[in-house]
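*Asks:* could you look at this predicted model? Sequence included:
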Amino acid sequence: MTNSSYFSPLRQRLIVFHHNGPSCTTPSDCPQGMHNLYRYSVTTPFSLMGVSEVLDYNRSCSVGPNARQSPFLISNHFANSRLGLPSLDIASQINVKSVIEARIAACTDIIGKRPNFLVVDFWSIGDLPEVAQSHNRAVATDFLIGRAT
């Protein structure tokens, strides 16, 4: 297996985004090909507090009115503690396969598109790598057979 076939089985190009960087409105602000993430994406809320707010799909899967026109969807799958800080306890409850998959499915139904990015706190807690691999495999399969959302 060559490196190119390993990293790009669909022979797609790499898109580079930045977050919290310069606006890139003038050529000298950013290197060529560097794009502001929020110019091309829509995001679910990132100010959720506690497990119950993550599991309230009507709230946690809400996005702005232009979600369908945006090429990319960022799903924020994390919540802060009552102190407003990331929580190992919350991550251990919501970073499990059944919760992540249920929320991806619910948000896909509500928003009408699958997330391209899943943002979590404490990625090494729970089943995120397994879910990401499974999700990416399903997206690639659907793309290849023409069912992409």
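*Replies:* Received it, and whenever you're ready, just let me know what you need.
*Asks:* make it CA atoms for all contacts and neighbour counts henceforth
*Replies:* Will do.
*Asks:* the nearest residue to residue 129 once chain neighbours are set aside: what secondary structure?
*Replies:* Leaving aside its chain neighbours, residue 129 sits nearest to residue 123 (7.8 Å; criterion: C-alpha to C-alpha, 6 or more residues apart in numbering). The three-state assignment at residue 123 reads coil, by DSSP: H, G, I helix; E, B strand; the rest coil.
*Asks:* strands of the protein, start to end?
*Replies:* For the chain, the strands defined by DSSP state E occupy 16-18, 34-36, 41-43, 72-76, 117-119.
*Asks:* can you lay out the ones you listed as JSON lines showing mean pLDDT?
*Replies:* Shown next, in JSON lines, are the strands of the chain (pLDDT from 0 to 100):
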{"stretch": "strand 16-18", "mean pLDDT": "78"}
{"stretch": "strand 34-36", "mean pLDDT": "77"}
{"stretch": "strand 41-43", "mean pLDDT": "89"}
{"stretch": "strand 72-76", "mean pLDDT": "92"}
{"stretch": "strand 117-119", "mean pLDDT": "92"}
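*Asks:* of all those strands, which one comes closest to residue 105?
*Replies:* Ranking the strands of the chain by proximity to residue 105 (C-alpha to C-alpha) places strand 72-76 first, at 11.5 Å.
*Asks:* so what secondary structure elements neighbour the longest helix anywhere in the chain?
*Replies:* Ranked by residue count and defined by DSSP state H, the top helix of the chain is helix 128-145. When contacts are defined as 3 or more C-alpha pairs under 8 Å, 6 or more residues apart in numbering; DSSP states H and E, helix 128-145 packs onto helix 97-111.
*Asks:* re earlier: the residue nearest to residue 129: how many residues sit nearby?
*Replies:* By other C-alpha atoms under 10 Å, 13 other residues sit near residue 123.
*Asks:* please shift the residue numbers so they start at 3 in all later answers.
*Replies:* In the new count, where the first residue is 3, that last one comes out as residue 125.
*Asks:* distance of it from residue 108?
*Replies:* Per C-alpha to C-alpha, to the nearest Å, residue 125 is found 21 Å from residue 108.
*Asks:* how about residue 43?
*Replies:* Residue 43 is 19 Å from residue 108, by C-alpha to C-alpha.
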